[in-house]
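> Model the structure of this input:
(one chain, ligands or ions: 1)
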Amino acid sequence: MAERLSADARRQALGGIPGWAEVQDGKGIGKTFVFKDFNEAFGFMTRAALVAEKMDHHPEWRNVYKTVEVVLSTHDAGGVTKLDITLATAMNAIAKLTQG
Ligand SMILES: C[C@H](O)[C@H](O)[C@H]1CNC2=NC(N)=NC(=O)C2=N1
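Prediction:
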């Protein structure tokens, strides 16, 4: 099982993934992605879902039209682990691709 990051490690990792911030008292990290339209938003979710399933690490997320709100945490570890940082980094890259 991945280990929960210390507050320092978490903040340092967040510095490398633009747009992500601590949520829920540092128990998770979150970002709101805004796309051009629903098609782009859902394309992002589809690609991200494939990566998440491969990692066996899944986002909590909510989609309204062109907006996707994401929260990542590692339930087993009770906080943020490197799995969340890896998935957040992948989501940023996928968003960039999706947005062309
Ligand atoms: C059994 C399975 O590996 C676990 O339940 C996985 C599945 N996906 C998960 N996703 C996330 N975000 N956190 C977890 O702790 C988690 N655990």
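> where exactly do the strands run in the protein?
Applying DSSP state E to the chain gives strands spanning 21-23, 28-34, 60-64, 67-72.
> Can you check which of those strands gets nearest to Ala95?
For the strands of the chain, the distance to Ala95 is smallest for strand 28-34, at 5.5 Å, taking C-beta to C-beta. Every C-beta, even on glycine, is put in place using the N, C-alpha and C of the backbone.
> coming back round to it: can you put the strands of the chain in JSON lines and add mean pLDDT and mean neighbour count?
What follows is the strands of the chain, written out as JSON lines (pLDDT from 0 to 100; neighbours: other C-beta atoms under 10 Å):
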{"stretch": "strand 21-23", "mean pLDDT": "98", "mean neighbour count": "15"}
{"stretch": "strand 28-34", "mean pLDDT": "98", "mean neighbour count": "19"}
{"stretch": "strand 60-64", "mean pLDDT": "98", "mean neighbour count": "13"}
{"stretch": "strand 67-72", "mean pLDDT": "98", "mean neighbour count": "20"}
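> So for the ligand, which of the ones you listed sits nearest?
Taking C-beta to the nearest ligand atom, strand 67-72 is the member of those nearest to the ligand, at 6.0 Å.
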